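[1] sequence and predicted model, in that order:
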Amino acid sequence: MTIREMQDEIIRLKKEKDICILVHAYVGHDIWEVADFVGDSYGLSKQAAAAPQKNVLMCGVRFMAETCKILSPEKRVYLSHSDAGCPMAEQIGKKVIEEFKKKNPDTTVVAYINTTADLKTVCDVCVTSSSALQIVNNIENKDILFIPDMNLGGWIREKCPDKNIKLMQGGCPTHALISKTNVERLKAIHPDALLLVHPECRKEVVDLADYVGSTTGIMDFAKKSDAKEFIIGTENSIVQHLQMECLDKRFYELSKECVCRNMKLTTLADVYNMVKYGECEEIIMDEETRLAAKKPLDKMLELGG
Ligand code: 13P
Ligand code: SF4
């Protein structure tokens, strides 16, 4: 079977079996082409709730599938590959936050959406990379703990000087691979290119960027911009998607190493096996956990518009 034949069969079967396929921007382009919706974690979590289909296949990582289940309990939600976790989502345990809240009862705990459902149950508000700034600004409380990404949290702290934002040790191991040296090297080769980066990158990289934003933010910026060349400082699938969609522009990887191993676990064959034979892990969550984890997500949707 060719890739094209497999894609055609997936598109036919997903309609027949009432399956909505959601694909994160870090997943490969062959899977991107069979999606009902593509995008960043905020966009996908909203799409999952609004989708009319009874079944949702999340091609991404576990916290994204959990988010779908939390927002759409009546749907059957599947994760494209059982081993696809996000290392950052598991860096801070629930007990640490429970202890923190005991000692700091007046601090609002803001959790990046890249957290487990279990950790969300003890947090006050969730944010994504695209909504974090707006949401933190909209929180009435000045005292905030931002977890787990120190880079995103530090960037928000700079942008919101009126807030007292504490951070804990945590971050994305993939984006941590990009350094200022990568920027200097690429800028020397492509001096006219704009540098677009994800806020999970280190401060030394973010400080040099022409644009900082979520995966969807980066893609929208590049598509709308009059510039012709872009250096992309986030997971390298974004470069592939952009290059396929904007043939008149050039896109360069800031670092060859910026590949999220977990996002790359899902193959087109996994998607095919799910829609054809139902071979896929279903997300099962007890109602107590779901309801408690839903509170910070509801707050996110309320404060983020
Ligand atoms: P987005 O919210 O931009 O989709 O990012 C998710 C993520 O995992 C980035 O590493
Ligand atoms: Fe997690 Fe980083 Fe992969 Fe995003 S790129 S899913 S934050 S490990």
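    Received the coordinates, thanks. Ligands and ions are numbered 1, 2, ... in the order given.
[2] per-residue pLDDT, the residue lying closest to Val275 once chain neighbours are set aside?
    Distances taken as Cβ to Cβ, 6 or more residues apart in numbering place Leu13 nearest to Val275, at 4.1 Å, with adjacent residues excluded. The C-beta positions use only the backbone N, C-alpha and C, and glycine is treated the same way. pLDDT, Leu13: 98.
[3] my read is that Ser225 contacts Leu194, right?
    Yes: in this structure, Ser225 sits in contact with Leu194. The criterion is Cβ atoms under 8 Å, and the distance is 6.8 Å.
[4] just how off-centre is stretch 64-71 within its chain?
    13 Å (Cα atoms, centre = their mean, to the nearest Å).
[5] state the mean pLDDT of it.
    Mean pLDDT, stretch 64-71: 94.
[6] over to stretch 284-293?
    Averaged across stretch 284-293, pLDDT comes to 98.
[7] picking up where we left off before, can you give me the neighbour number for the residue nearest to Val275?
    17 (other Cβ atoms under 10 Å).
[8] can I take it that it is in a helix?
    Yes: using DSSP: H, G, I helix; E, B strand; the rest coil, the assignment for Leu13 is a helix.
[9] was I right to think it contacts Met274?
    No: under the criterion of Cβ under 8 Å, Leu13 lies out of contact with Met274, with a separation of 9.2 Å.
[10] what is in contact with these two at once?
    Ile19 (Cβ atoms under 8 Å, 6 or more residues apart in numbering).
[11] so Gly43 makes contact with Gly217?
    No: under the contact definition of Cβ under 8 Å, Gly43 does not touch Gly217, with a separation of 10.2 Å.
[12] which residues do those two both contact?
    Residues within reach of Gly43 and of Gly217 at once, by Cβ under 8 Å, 6+ apart, are Ser130.
[13] wait, Cys201 sits on Asp149?
    No: counting by Cβ under 8 Å, no contact exists between Cys201 and Asp149, whose distance comes to 10.4 Å.
[14] between those two, who's got more neighbours?
    The residue with the greater number of neighbours, taking Cys201 and Asp149 and applying other Cβ under 10 Å, is Cys201; the counts read 31 against 27.
[15] what residues are up against the more buried one?
    Contacts were defined as Cβ under 8 Å, 6+ apart; by that measure Cys201 touches 151, 175, 178, 209, 233-234.
[16] element containing the residue nearest to Lys17 when sequence neighbours are not counted?
    In space, and not counting its chain neighbours, Lys17 is closest to Val275: 6.3 Å by Cβ to Cβ, 6+ apart. Under the assignment given by DSSP states H and E, the secondary-structure element containing Val275 is helix 268-277.
[17] just checking: what are the partner strands of the helix or strand that that helix is followed by?
    Of the helices and strands lying after helix 268-277 in sequence (DSSP H and E), the nearest is strand 281-282. Based on DSSP bridges, the pairing partners of strand 281-282 within the sheet are strand 76-79 (antiparallel).
[18] mind listing residues that contact the helix or strand following the partner strand?
    Taking DSSP H and E as the definition, the helix or strand that follows strand 76-79 towards the C-terminus is helix 94-103. Outside helix 94-103, the residues within contact range by Cβ under 8 Å, 6+ apart are 107, 109, 118-119, 121-123, 145, 147, 168.
[19] just the pLDDT for whichever residue of the stretch 101-250 of the chain sits closest to ligand 2.
    Across the stretch 101-250 of the chain, the shortest distance to ligand 2 (Cβ to the nearest ligand atom) belongs to Cys172, at 3.3 Å. Reading off the per-residue confidence, Cys172 sits at a pLDDT of 97.
[20] double-check that it belongs to a strand.
    No: Cys172 is assigned coil when assessed by three-state DSSP, not a strand.
[21] tell me how many other residues crowd the closest residue to it other than its chain neighbours.
    For Cys172, the nearest residue in space outside its immediate sequence neighbours is Glu200; the separation is 4.4 Å by Cβ to Cβ, 6+ apart. Around Glu200 sit 27 other residues, with neighbours defined as other Cβ under 10 Å.
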